[in-house]
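In: Model the following, please.
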Amino acid sequence: MRLQALTRRPDTAPPDATPEQPGPTPPWERLWRLPTRMTLRDLLRRNRGLKLVSILLAFFLWFSINVSERDAERVVELPVTIRRLQPGLIVTNLPAKPIKARLRGPRTILEGVDEHKVRLAPDLSSTMPGDLRLDLGGDMIRPDLPRRLKVVSLEPARLKLHVERLAQRNLPVRVEVAGLPAAGYKAKPSAAPDHVEVRGPASKLDDLKEIATEPVDVSGASATVQRTVLLSWAGDFVTFAPDHVTVTVAFEEEMMRREFRGVDVRVLHAEGARAQLFPARIDVVIRGPQHVLHNYELADGAAYVDAAGLVPGTYRVSARVDLPPSLELVRQRPDPLTLHISPPEGAR
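Out: Alright, predicted model coming up:
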């Protein structure tokens, strides 16, 4: 006969008891719990567009912080302007080329520097006339640069300036004429006003005696010409008031003298008497407008003596020369002439 083994039976729950549910997982355990393969795959597939936009925004933020805001250098060209110069003074040798300034700072701020608006403006409020050596610095840049920008260097780093006193004078105006007028005419120019106020460095005004106009072309002209013309350049920093004048160019006939040699002299109105003239030829000098006298020829019989009313005898007479109204006789040689009048043949 076999005996049954004594074994402990598991406690059986009463029929109405419910199984115990596991408690909630603590947050720190959820944080460190690795997702399964299926969970990771689901995460990658879910909201793909949103994930892509998030990645692009993150890249842009990284780029702007690490690349755009990284320090860089840039060379800008700054023109030189003077500020706070005492009244009555002027700088006569400002550099023609701009100053090269090397700046350092964040790239985005460097790109915002406008070379057309920034100037290098040293303060010369305490400067006196004479030569001045000026050390350039970043504090002279106007308007001020952003705080995060630094001036690494300026080239050149020093300027030599010359400061002069301004002077003012009243100088006459000289009309400059270009070209040749019509043949036989001479230009007589005038300006209104005939004097102008000239302002500029004293050293330059000391050398000025008059102010010329821009050339007025009178080529081939014989009638009056009137124009408004500007005054010509008289040096750096020299100004005029007014800067233009009214020019009137009148023309007068160019006068000349011409000598005619060996001119025959006739005896008129001898009334049958025999007349002899010694000498019978003369040299004459005639004066008149060039365009008339240049090609003028004396006509036959233009020179004569008048024997009307003279009785036989010997006389000292001067020859006469018929000329147009625009010409005049200046001189004749010899003068006087000897006129011998004899009675007609057969008369006693």
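In: And the contacts of stretch 329-346?
Out: With CB atoms under 8 Å, 6 or more residues apart in numbering as the contact definition, stretch 329-346 has outside contacts at 257, 265, 267, 270, 272-279, 282-287, 305, 307, 310-319, 321, 323. For the C-beta atoms, the positions are set from N, CA and C on the backbone; glycine is no exception.
In: Over to stretch 179-193?
Out: 173-175, 177, 213, 216-222, 242, 245-254, 289-292, 294.
In: What's the PyMOL syntax to select whichever of these are buried?
Out: Here is the PyMOL command that picks out the buried ones among the contacts of stretch 179-193, judged by 16 or more other CB atoms under 10 Å:
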select buried, resi 173+174+175+177+213+216+218+221+222+245+247+248+249+251+253+254+289+291
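In: how close does the most centrally placed residue in the chain sit to residue 241?
Out: The chain has residue 233 as the residue nearest its centroid, 9.0 Å off, counting by CA atoms, centre = their mean. The gap separating residue 233 from residue 241 is 15 Å, by CB to CB, to the nearest Å.
In: about what we covered before: narrow the contacts of stretch 329-346 to those in strands?
Out: The members of the contacts of stretch 329-346 that map onto strands under DSSP state E are 257, 265, 267, 274-278, 282-287, 305, 313-317, 321.
In: ChimeraX command to pick out the buried ones of the residues you listed?
Out: Restricted to buried positions by 16+ other CB under 10 Å, the ChimeraX selection for those reads:
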select :265,267,275,277,282,284,286,287,305,315,317,321
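In: so where's this protein shaky on pLDDT?
Out: 1-46, 62-69, 345-348 (pLDDT under 70).
In: Kindly report the domain assignment for it.
Out: The chain breaks down into these domains under automatic domain parsing: 71-156, 166-253, 255-342.
In: Could you dump the ones you listed into TSV and include distance to residue 61?
Out: Output for those, formatted as TSV (distance: least, CB to CB, whole Å):
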stretch	distance to residue 61
domain 71-156	14
domain 166-253	55
domain 255-342	92
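In: With residue 47 as the reference, name the closest of the ones you listed.
Out: domain 71-156 (32.8 Å; CB to CB).
In: May I have the distance across the closest one, first residue to last?
Out: Counting by CA to CA, to the nearest Å, the length from the leading to the trailing residue of domain 71-156 is 24 Å.
In: Only the buried residues of stretch 79-95, if you could.
Out: Those would be 79, 80, 82, 89, 90, 91, for stretch 79-95 by 16+ other CB under 10 Å.
In: The last one and residue 179: what is the separation?
Out: In other words, residue 91. 40 Å.
In: Alpha carbons only: can I get the lengthiest helix in the chain in CSV?
Out: Criterion DSSP state H: the longest helix present in the chain is helix 48-63. Backbone C-alpha positions of helix 48-63 (Å, rounded to 0.1, in the frame of the first residue of the first chain) are rendered in CSV as follows:
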residue,chain,number,x,y,z
ARG,A,48,8.1,63.3,-41.5
GLY,A,49,7.5,66.9,-42.7
LEU,A,50,7.6,68.3,-39.2
LYS,A,51,10.9,66.4,-38.5
LEU,A,52,12.5,67.8,-41.8
VAL,A,53,11.5,71.4,-41.0
SER,A,54,12.9,71.0,-37.5
ILE,A,55,16.2,69.7,-38.8
LEU,A,56,16.5,72.6,-41.3
LEU,A,57,15.7,75.2,-38.5
ALA,A,58,18.3,73.6,-36.3
PHE,A,59,20.9,73.8,-39.1
PHE,A,60,20.1,77.4,-39.8
LEU,A,61,20.5,78.3,-36.1
TRP,A,62,23.8,76.5,-35.9
PHE,A,63,25.1,78.2,-39.1
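In: from the chain's centre, how far out does it sit?
Out: 57 Å (CA atoms, centre = their mean, to the nearest Å).
In: burial of the closest residue to residue 244 other than its chain neighbours, as a residue count?
Out: Spatially, and ignoring its direct neighbours in sequence, residue 244 is nearest to residue 230 (4.9 Å; CB to CB, 6 or more residues apart in numbering). Residue 230: 12 surrounding residues under other CB atoms under 10 Å.
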